[in-house]
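> This is the structure alone, sequence omitted:
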């Protein structure tokens, strides 16, 4: 029971800040000072795991660091009504919590499942109960729209998570060592995300330019380090990295892009439905995927890639946009699960499997973000950007730049589909070669 409660808390700690921090903007008439908490939160969320990369071999410590950070962030957030600097500070703690704790919980789940040799999926009743609890808390936030209530909920959730967080004690496989390069890369990513989040909230084109430039430097450095075998690699298949990056390219970033395509063009109220669909895919998606896998005679990996492409195509028509998001999130997650299992089977490393996949997915997500912001920068003028993002932050839809936003949508979708098709072809080519060798 404690593990189930911790799992629900993990979902809430992951999702709620995406509702709480935008409300700080709308509740205070779009003043610039209230854009900063969301920017700080998002930057630390994206850079958090890299900043604490030295602890990745000790996921229980990551979970504890995340929860104590979330506790402090929630407490600071309660005092934001007195001075907005407390909201800014809260973004640091809650940003770290939203990446460190869910990552630790997922890694612990995999380890416990392997040790118990448990191949059963979570029961439908458990998934439905989890969904009802999450939606009830989302309803409280939507109805009361009070920053005090919101941060109080975050505080209660963090306390419950601390009381129910259980993990297997295991012998440390590697001592914690501090690498300055990890922190330099983390700071670089933090500054990039901070710039682009401020740009998204204020429409300042110079901030986007700086953010994209910093993100480009970060991606180049990370690519170089991966190629140079910076992190000690275990023997894995040649397609492992491509499949691990896939979740970041498609599954991780599309819901964030929805803040532009849905939030700007059709208003933030409709964007909130993207969050609902994301949760439905997280809770009910595995059951839907299992049904598809059992009724179509194609290997699950190929099916997942095909359905992800279908989901991307569905996002070009608003009435079925949300179905597209559901398919993308559901089947990209299936690819991640299969890739994680493949890593475990090939390396016998069950203490780091989810985290390794998350690291590669982060690279994929950052690349998709680079493509999207680059296309927005090319297709919009300074004034267009300002009108677009200020309209979104002030809870107003804006159709004046629909052609530029649709253009960015097309560019991002083409990039994602191309990556998926190339990965699909690569997997099938490898499969044919394997059959020839065995025959």
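Now that the structure is in, tell me what you want to look at. Keep in mind it's a predicted model, so treat the numbers as computed, not measured.
> any idea which helix is longest in this protein?
Among the segments of the chain that qualify as a helix by DSSP state H, the longest is helix 402-438.
> quick one: buried residues of it?
Neighbour counts over helix 402-438 (16 or more other C-beta atoms under 10 Å) mark 404-405, 407-409, 411-413, 415-416, 419-420, 423-424, 427 as buried. C-betas here are computed from N, CA, C, even on glycine.
> Show the average pLDDT along it.
For helix 402-438, mean pLDDT is 82.
> The nearest residue to residue 45 once chain neighbours are set aside sits in which helix or strand?
Counting by C-beta to C-beta, 6 or more residues apart in numbering, residue 45 lies nearest to residue 95, which is 4.3 Å off, once chain neighbours are set aside. Using DSSP states H and E, residue 95 falls within helix 85-116.
> Return the residues in contact with the residue lying closest to residue 270 once chain neighbours are set aside.
Distances taken as C-beta to C-beta, 6+ apart place residue 262 nearest to residue 270, at 5.5 Å, with adjacent residues excluded. Going by C-beta atoms under 8 Å, 6 or more residues apart in numbering, residue 262 touches 270-271, 273-274, 321.
> Please apply the same query to residue 13.
Residue 13 neighbours (C-beta under 8 Å, 6+ apart): 66, 70, 94, 97-98, 101-102, 154, 157-158, 161.
> run the last query once more with 6 Å
97-98, 101 (C-beta atoms under 6 Å, 6 or more residues apart in numbering).
> Can you say which helix or strand has it in it?
Using DSSP H and E, residue 13 sits within helix 2-15.
> Quick check: mean pLDDT of that helix?
87.
> Over to stretch 99-107?
89.
> Show residues contacting it.
So stretch 99-107 is in contact with 10, 13-14, 45, 48-49, 59, 62-63, 65-67, 354-355, 358, going by C-beta under 6 Å, 6+ apart.
> and residue 1, how many neighbours does it have?
For residue 1, the neighbour count with other C-beta atoms under 10 Å is 6.
> what's the answer for residue 70, then?
Counted with other C-beta under 10 Å, the neighbours of residue 70 add up to 29.
> can you pull the pLDDT of it?
pLDDT, residue 70: 95.
> next one: the strand or helix carrying residue 360 to chain centre, how far?
Using DSSP H and E, residue 360 falls within helix 353-379. For helix 353-379, the distance from its own C-alpha centre to the chain's C-alpha centre is 10 Å (C-alpha atoms, centre = their mean, to the nearest Å).
> average pLDDT across that helix?
Average pLDDT, helix 353-379: 82.
> And stretch 159-176, by the same measure?
72.
> For the remainder of this discussion, apply numbering that starts at 49.
New numbering, starting at 49: the last item is stretch 207-224.
> for the stretch 249-398 of the chain, which spans come out with low pLDDT?
For the stretch 249-398 of the chain, applying pLDDT under 70 flags the ranges 249-253, 256, 271-286, 300-305, 307-308, 311-312, 315-316.
> Could I get the full set of helices for the stretch 99-248 of the chain?
Here the stretch 99-248 of the chain has its helices, by DSSP state H, counting those that start in this stretch, at 107-126, 133-164, 172-192, 195-212, 228-250.
> Dump these to CSV, plus distance to residue 295.
As requested, the helices of the stretch 99-248 of the chain are exported to CSV (distance: least, C-beta to C-beta, whole Å):
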stretch, distance to residue 295
helix 107-126, 19
helix 133-164, 12
helix 172-192, 21
helix 195-212, 24
helix 228-250, 18
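> Compare those and give me the one nearest residue 396.
Minimum separation from residue 396 across the helices of the stretch 99-248 of the chain (C-beta to C-beta) falls at helix 133-164, 10.0 Å.
> got the angle between the closest one and helix 401-427?
140 degrees (axes from the mean of the first three to the mean of the last three C-alpha atoms, to 10 degrees).
> Go through helix 133-164 and flag the buried ones.
Result for helix 133-164 [16+ other C-beta under 10 Å]: buried residues 134-159.
> per-domain residue ranges of the chain.
The domain map for the chain lists 49-214, 235-476, with the assignment taken from automatic domain parsing.
> Is it possible to get JSON lines of these that adds distance to residue 228?
Output for these, formatted as JSON lines (distance: least, C-beta to C-beta, whole Å):
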{"stretch": "domain 49-214", "distance to residue 228": "10"}
{"stretch": "domain 235-476", "distance to residue 228": "11"}
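> quick one: the nearest residue to residue 469 once chain neighbours are set aside from residue 294, how far?
Closest residue in space to residue 469, ignoring its immediate chain neighbours: residue 357 at 7.3 Å, by C-beta to C-beta, 6+ apart. Between residue 357 and residue 294 the computed distance is 12 Å (C-beta to C-beta, to the nearest Å).
> Pick out whichever of these two has more residues nearby.
residue 294 (26 against 19).
> now that one, what's its secondary structure?
Following DSSP: H, G, I helix; E, B strand; the rest coil, the label given to residue 294 is helix.
> In terms of pLDDT, where does residue 242 sit?
pLDDT, read off for residue 242, is 72.
> dump the residue contacts of it.
87, 91 are the contacts of residue 242 under C-beta under 6 Å, 6+ apart.
> any idea how far it lies from residue 134?
With distances taken as C-beta to C-beta, residue 242 is found 18 Å from residue 134.
> Then residue 458?
Separation of residue 458 from residue 134 (C-beta to C-beta) stands at 42 Å.
> quick one: the helix or strand containing residue 387 to helix 401-427, angle?
Using DSSP H and E, residue 387 sits in helix 369-395. If you take the same axes, to 10 degrees, helix 369-395 sits at 140 degrees to helix 401-427.
> and helix 369-395, how far out from the chain's middle?
13 Å.
> so it versus helix 450-486, what angle?
Using the same axes, to 10 degrees: helix 369-395 against helix 450-486 is 30 degrees.
> For residue 294, list the residues it contacts.
383, 471.
> Could you check how far it is from residue 150?
19 Å.
> now swap in residue 64 and tell me
Residue 64 is 12 Å from residue 150, where distance means C-beta to C-beta.
> Also residue 114?
Distance from residue 114 to residue 150, by C-beta to C-beta: 8 Å.
> shared neighbours of those two, anything?
By C-beta under 6 Å, 6+ apart, no residue touches both residue 114 and residue 150.
> rewinding a little: and the contacts of residue 310, which is closest to residue 50?
Of all the contacts of residue 310, residue 322 has the smallest distance to residue 50: 31.2 Å, by C-beta to C-beta.
> Could you give the number of residues near that closest one?
Neighbours of residue 322 using other C-beta under 10 Å come to 24.
> Would you mind getting the angle between the host helix or strand of it and helix 369-395?
Using DSSP H and E, residue 322 sits within helix 316-343. With the same axes, to 10 degrees as the basis, helix 316-343 and helix 369-395 are set at 50 degrees to each other.
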